[in-house]
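> Mind folding the following:
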Amino acid sequence: MMNSIEKRITDHLVTFENYPIAGVLFKDISGIFRSPELLTELIEHSAGLLRQHQPEVIYGIESRGFLLGVPLALALGVPFEMVRKKGKLPGPTLSQAYALEYGTAEIEIQRIESNHYSKAFIVDDVLATGGTARAAIQLVELAGIEVQGLLFLAEIVELKGRNTFEQENYGIISLAKI
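Numbering: from 1, shown residues only. Next up is the predicted model:
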């Protein structure tokens, strides 16, 4: 049975068929950002879930992970770091290639020598196959930071992305299952 926040999230999602390519059902979260009340509730709820882990940094995956990650980092009083598409970050970077459900991509994080983070949470909008999240974990760990877990706004259950992480101890939090 859905809890109140899960129901509100799913009520605000819109599915677009054949986007970005034929055969893909794209789950659009834009409706959530049109509801300040829901967004505030989401951030407060998510911060409450993450406080027990005491992350020292939030990494948000481009670009919708930024929309959730920045206010979440502010609510927790921790820094925010970006996981971006290759070629979008200045300075020295670490990069990781990965497979998408409809192609391949590469993401990067900045290599920050004065980085003193030891524990991180990774935030993104949707857990689909888990490829992007897996690549983000590899990058953050390559930087010497322990990934405590991942927080997703929604999880597309039939794509079984959660299974990608079943051998590890990453805490996976999905606010809604679709």
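> Where does the residue positioned nearest the centre of the chain fall, secondary structure wise?
Centroid-nearest residue in the chain, with Cα atoms, centre = their mean: Asp124, separated by 1.7 Å. Element membership of Asp124, judged by DSSP states H and E, is strand 119-127.
> beta partners for the residue nearest to the centre of the chain?
For Asp124, the beta-bridge partners are Phe152 (DSSP bridges).
> can you pull the contacts of it?
By Cβ atoms under 8 Å, 6 or more residues apart in numbering, the residues touching Asp124 are 60-61, 64-65, 68, 132-133, 136, 150-153. Any C-beta I mention is one placed from the backbone N, CA and C, and that applies to glycine too.
> what's the most distant pair in those residues?
The two members of the contacts of Asp124 with the most space between them (Cβ to Cβ) are Ala136 and Leu153, at 15.2 Å.
> buried ones in the worst-scoring helix or strand of the chain on mean pLDDT?
When the helices and strands of the chain are scored by mean pLDDT, DSSP states H and E, strand 25-28 comes last with a mean of 86. By neighbour count with 16 or more other Cβ atoms under 10 Å, strand 25-28 contains the buried residues Lys27.
> So which elements touch that strand?
Using 3 or more Cβ pairs under 8 Å, 6 or more residues apart in numbering; DSSP states H and E, the elements in contact with strand 25-28 are strand 14-17.
> quick one: average pLDDT of the strand it packs on?
The pLDDT scores in strand 14-17 average 94.
> Contacts for it, please.
Here strand 14-17 has contacts from 24-28, 30-31, using Cβ under 8 Å, 6+ apart.
> before we move on, back to that, among the contacts of Asp124, which are in helices?
Counting by DSSP state H, the part of the contacts of Asp124 found in helices is 64-65, 68, 132-133, 136.
> Out of these, which comes closest to Pro92?
Nearest member of the ones in helices among the contacts of Asp124 to Pro92, counting by Cβ to Cβ, is Ala136, at 17.9 Å.
> hang on, the closest one packs against Glu81?
No - counting by Cβ atoms under 8 Å, Ala136 does not reach Glu81; the two are 10.4 Å apart.
> Quick check: neighbours shared by these two?
Tyr59.
> how about the nearest residue to His116 once chain neighbours are set aside, phi and psi?
Computed as Cβ to Cβ, 6 or more residues apart in numbering, the closest residue to His116 that is not its neighbour in sequence is Glu56, at 7.9 Å. Note on Glu56: backbone dihedrals following degrees, to the nearest 10 are phi -100, psi -10.
> Could I get the contacting residues of Glu56?
Contacts for Glu56 (Cβ under 8 Å, 6+ apart) come out as 78-79, 116-120.
> could you measure it against Gly87, distance?
Glu56 sits 27 Å away from Gly87, going by Cβ to Cβ, to the nearest Å.
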